[in-house]
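# sharing a model that was predicted from the sequence below.
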Amino acid sequence: MTTWSDLLPEILNEIAEKLNFYEDSISFLSVCSSWRSSATTTADVIRHHHLLPSRFPMLMLAESKMEEDDDDDQDCRSFFLLSGSMMRKVKLPEARWKPCVSTHGWLLTTGEEEFSAKLLHPLSRTQIDLPQLYMFHELYFDQDEWSYYRHFMRRVVFTSPNPSFTTDNSNTKGGSFRVVIIWGETLGFCRLGDVSWTRINGWEGNLFDITYHNTRKRLYVMATMGTIYECDILNNDASRPLTLRQLSTFPGKEFGCLCLPSAYLLEWGHNSLLMITRERKYYKKHDEEYIRYGPYSTKSFQCFELSLDDGKWSKITSLGDKSVFLGFNSSFAMNAGRGMKPDCIYFTDDHYEPYLDLPDGGGGDVGVYHMFDGSIEAMFDSQESVFRGSPPLWLQSSNDQCNLVVCK
């Protein structure tokens with residue numbers, strides 16, 4: 001009987017030639033020593049596997065804080081790959097010590113120089129300039145205040161998956177691509193090529209989250225107490241601020257939710273939105289849990305669906321075959337598989353205020369929440385996610401393939 005280690009080199013060559021992703025090449029090389037040495041193509045896999053792309057979603061971890069790291073290491077960022085449950089290091093000096101948020105596999109980075117804002121693809125390192133942030137007229141501030149305002153970038157969403165599809169379009173300004181951001185308590189958007197941001201007005205309270213519904217072609221905004229607003233962001237006069245229209249308010253009393261300290265919003269099917277609430281446990285410094293988790297840890301999530309057809313709210317206790325990803329990224333859901341567990345919420349720590357003044361940073365509230373029984377599973381050592389500058393970010397597929405610039 002033939003074993004795996006006895007496969008003919010010709011068969012191994014054929015297998016190796018079909019490896020299109022980094023995770024698959026690592027698995028191939030890990031089967032046994034004979035697979036790593038018996039095929040000529042295998043040698044090519046060993047030499048070139050680090051150039052292969054990785055499958056989304058992936059988690060970009062915080063910057064390394066190790067003092068012994070040299071400059072080259074500090075220019076790299078580590079990525080946790082769900083499809084292979086492995087770490088990968090990628091060269092990304094453009095994001096070094098810059099606050100970032102993410103959507104559709106892209107980063108939005110902000111910098112102190114002229115309060116710059118750029119889109120950055122972490123795999124190809126493609127950059128696209130956006131209007132400078134002081135173009136928000138109500139947010140006039142000087143250079144000395146950057147250390148305070150640098151943490152104000154909270155969310156970004158696109159109205160189409162990939163800006164690279166529109167950068168060569170002569171009609172870009174009239175196209176369908178918009179970048180929408182929450183900056184502090186300000187909401188605004190721009191088109192590629194704009195010289196300033198356009199304000200969006202019309203909500204009350206604090207901004208929680210934003211999402212773009214690709215079927216409805218509408219921007220949806222969630223504010224205090226789960227009030228949902230909408231607007232048609234594509235068909236507007238960019239020279240004038242947009243005004244939101246109130247759509248619905250979450251009936252918290254009906255579901256036993258008297259307050260919403262933290263909540264997320266995402267597209268859910270063709271005609272619905274999903275609102276997810278997050279409850280945390282808080283600890284005092286003398287508590288045993290404080291040493292293990294920090295000031296707080298996530299206790300539970302609850303999910304509520306809003307029908308955009310009839311405006312009705314309903315509580316859902318299962319995500320079915322979906323996995324949901326929450327954090328400093330735009331909230332999104334994907335079909336489970338390739339390392340993603342169904343009926344689970346993958347979350348990172350986006351409650352950064354308690355850590356701003358701590359020299360060692362924070363951000364260890366990271367894990368996988370199982371809707372079925374309410375249990376929380378660790379993804380990796382939480383120290384991998386501790387941050388002072390930019391927090392860990394989930395990266396969603398941008399429907400493109402990019403060549404990687406890796407750290408060897």
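Here it is on my side, so go on.
# can we go C-alpha only for contacts and neighbour counts from here?
Will do.
# I'd like the next helix or strand past the lowest-mean-pLDDT helix or strand in the chain.
The helix or strand of the chain with the lowest confidence, counting by mean pLDDT, DSSP states H and E, is helix 146-149 at a mean of 48. Sequence order places strand 153-158 as the next helix or strand after helix 146-149, per DSSP states H and E.
# what average pLDDT does that next one get?
What strand 153-158 shows for mean pLDDT is 89.
# partner strands of it and their direction?
Using DSSP bridges, the strands paired with strand 153-158 are strand 179-183 (antiparallel).
# which residues are in contact with the partner strand?
Contact with strand 179-183 is made by 152-159, 187-191, 207, 210, as judged by CA atoms under 8 Å, 6 or more residues apart in numbering.
# cool, and stretch 367-383?
For stretch 367-383, using CA under 8 Å, 6+ apart, the contacting residues are 300-301, 317-319, 343-348, 364-366.
# ok, back up a step: of the contacts of strand 179-183, just the buried ones, ChimeraX syntax please.
A single ChimeraX command is used to select the members of the contacts of strand 179-183 judged buried by 16 or more other CA atoms under 10 Å:
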select :153,154,155,156,157,158,159,187,188,189,190,191,207,210
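# if I've got this straight, residue 290 is in a helix?
Yes. Under DSSP: H, G, I helix; E, B strand; the rest coil, residue 290 falls within a helix.
# distance of it from residue 10?
57 Å (CA to CA, to the nearest Å).
# any chance you could map the strands in the stretch 101-250 of the chain?
Assigned by DSSP state E, counting those that start in this stretch, the stretch 101-250 of the chain shows strands spanning 106-111, 116-120, 127-130, 153-158, 179-183, 186-190, 198-201, 207-213, 218-223, 227-231, 242-243, 245-249.
# could you tell me the angle between the fourth one and strand 106-111?
It stands for strand 153-158. Put simply, strand 153-158 runs at 140 degrees to strand 106-111, going by axes from the mean of the first three to the mean of the last three CA atoms, to 10 degrees.
# how about the fifth one?
For strand 179-183 against strand 106-111, the angle between stretch directions is 50 degrees (the same axes, to 10 degrees).
# what's the closest non-adjacent residue to residue 217?
Spatially, and ignoring its direct neighbours in sequence, residue 217 is nearest to residue 232 (7.1 Å; CA to CA, 6 or more residues apart in numbering).
# give me every residue that touches residue 290.
283, 284, 296.
# wait, what's in contact with the second one?
Read that as residue 284. 290, 295.
# so for residue 278, which of the strands of the stretch 101-250 of the chain sits nearest?
With CA to CA as the criterion, residue 278 lies closest to strand 207-213 of those, at 11.8 Å.
# so what strands line up beside the closest one?
Paired neighbours of strand 207-213 in the sheet (DSSP bridges): strand 218-223 (antiparallel).
# for the partner strand, which positions count as buried?
For strand 218-223, by 16+ other CA under 10 Å, it's 218, 219, 220, 221, 222, 223.
# what separation is there between the residue nearest to the third one when sequence neighbours are not counted and residue 198?
Spelled out, it's residue 220. Leaving aside its sequence neighbours, residue 220 sits nearest to residue 230 (CA to CA, 6+ apart; 4.5 Å). Distance, residue 230 to residue 198, by CA to CA: 16 Å.
# residue ranges with poor pLDDT in the stretch 1-150 of the chain?
For the stretch 1-150 of the chain, the stretches flagged by pLDDT under 70 are 1-9, 11-12, 14-56, 64-73, 84, 112-114, 134-150.
# let's see that with 80 instead.
Within the stretch 1-150 of the chain, the stretches with pLDDT under 80 are 1-56, 62-74, 83-90, 97, 111-115, 123-124, 133-150.
# over to the stretch 251-400 of the chain?
Those would be 289-294, 351-364, 380-391, 397-400, if you go by pLDDT under 80 across the stretch 251-400 of the chain.
# could you pull out the strands for it?
263-267, 272-282, 296-307, 313-316, 322-326, 332-335, 344-347, 367-370, 376-377, 393-395.
# make sure residue 97 is actually in contact with residue 62.
No. Contact between residue 97 and residue 62 fails when scored by CA atoms under 8 Å: they sit 9.2 Å apart.
# so those two - more neighbours on which side?
residue 62 (23 against 18; other CA atoms under 10 Å).
# tell me how far the more buried one lies from residue 344.
Residue 62 is 23 Å from residue 344, by CA to CA.
# could you do residue 262 as well?
18 Å.
# please apply the same query to residue 159.
26 Å.
# same question, residue 252
In terms of CA to CA, residue 252 sits 23 Å off from residue 344.
# more neighbours, these two?
Between residue 252 and residue 344, counted using other CA under 10 Å, residue 344 has the larger neighbour count: 25 against 13.
# touching, that one and residue 324? I think so.
Yes. Between residue 344 and residue 324 a contact is recorded at 6.5 Å, counting by CA under 8 Å.
# what's the span of stretch 99-109 from first residue to last?
6 Å.
# now do that stretch: everything it contacts.
Residues contacting stretch 99-109 (CA under 8 Å, 6+ apart): 95, 98, 110-111, 117-122, 150-151, 153-158, 161-162, 328-330, 389-391, 393-398.
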